[in-house]
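Peer 1: Structure, please.
(chains A and B)
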Amino acid sequence: DGGITQSPKYLFRKEGQNVTLSCEQNLNHDAMYWYRQDPGQGLRLIYYSQIVNDFQKGDIAEGYSVSREKKESFPLTVTSAQKNPTAFYLCASSMGDRSPYGNRPQHFGDGTRLSIL
Amino acid sequence: GQQLNQSPQSMFIQEGEDVSMNCTSSSIFNTWLWYKQDPGEGPVLLIALYKAGELTSNGRLTAQFGITRKDSFLNISASIPSDVGIYFCAGRLRVQGAQKLVFGQGTRLTINP
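Peer 2: Residues are numbered from 1 along each chain as shown, chains lettered A, B, ... in the order given. Got it, this is the predicted structure:
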């Protein structure tokens, strides 16, 4: 089945540690996105990528980094510079702006819950 | 920046009741999306709206894209226990050449059997 796979489901970070969250999609989507969700709040955009080897900062990029070396993969690294990393992280993908179907909705993975040890 | 005001924040209803929630903004959107999120999972798309004035149904769900393009509502008829969850609206607009999705704060729906 086509979809978006995020791993791990739960992740714990120690002080000063970088951790990487995985996001893989087999939907052949060009665009991929990372969102952060805090309790009782909507989703806030961290980074997005419209095409391989290109990505842009979202609204809350500080303390995070990404790469887009393959179309299927868009890993997110939560660095030690992110002082409040505890949140639910969601990855999404869509056909992207450059597609004739650029207005198609984003589809989400099942998320990774990151906590501090 | 762009903001969506989603209301109500929470609803407590009896099974079988109808539900209505809405999102408003001062910004104009070219697409409206409604998602449902269950605990510990990612949002699942319910309805997508692409044209001002569009009214779309998906089973017991009905959503409309406001004529001004600044608002949308979602109705759920004859609620059932599996409707419990958090409902998010999202509006899409073009910012600096890229499509951007802005999310509402969510409506938490609780159903008393």
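Peer 1: Leaving aside the residues adjacent along the chain, what's closest to B:Lys36?
Peer 2: B:Gly85 (5.0 Å; C-beta to C-beta, 6 or more residues apart in numbering or on different chains). Just so you know, the C-beta spots here come from the backbone N, C-alpha and C atoms, and that holds for glycine as well.
Peer 1: I figured B:Asp83 was touching B:Thr107, is that so?
Peer 2: No: using C-beta atoms under 8 Å, B:Asp83 is not in contact with B:Thr107; the gap is 11.4 Å.
Peer 1: which other helices and strands contact the strand or helix carrying A:Ala92?
Peer 2: If you go by DSSP states H and E, A:Ala92 is part of strand A:87-94. Here strand A:87-94 touches strand A:4-7, strand A:19-25, strand A:31-37, strand A:76-78, strand A:107-108, strand A:112-116, going by 3 or more C-beta pairs under 8 Å, 6 or more residues apart in numbering or on different chains; DSSP states H and E.
Peer 1: Near chain A, which residues of chain B? Just list them.
Peer 2: B:1, B:4, B:6, B:30-31, B:33, B:35, B:40-45, B:48, B:50, B:88, B:90, B:92, B:98-101, B:103-106 (C-beta under 8 Å from any C-beta of the partner chain).
Peer 1: Let me see the contact set for A:Ala61.
Peer 2: By C-beta atoms under 8 Å, 6 or more residues apart in numbering or on different chains, the contact list for A:Ala61 reads A:46-47.
Peer 1: In terms of helices and strands, where is it?
Peer 2: With DSSP H and E as the criterion, the answer for A:Ala61 is that it lies in no helix or strand.
Peer 1: What of B:Ile13?
Peer 2: Going by DSSP H and E, B:Ile13 is part of strand B:10-14.
Peer 1: which is the next helix or strand following that strand?
Peer 2: strand B:19-24.
Peer 1: Could you tell me which strands the helix or strand just after that next one is paired with, and in which direction each runs?
Peer 2: Toward the C-terminal end, the helix or strand that comes next after strand B:19-24 (DSSP H and E) is strand B:31-37. Note on strand B:31-37: by DSSP bridges, its sheet partners are strand B:44-49 (antiparallel), strand B:85-95 (antiparallel).
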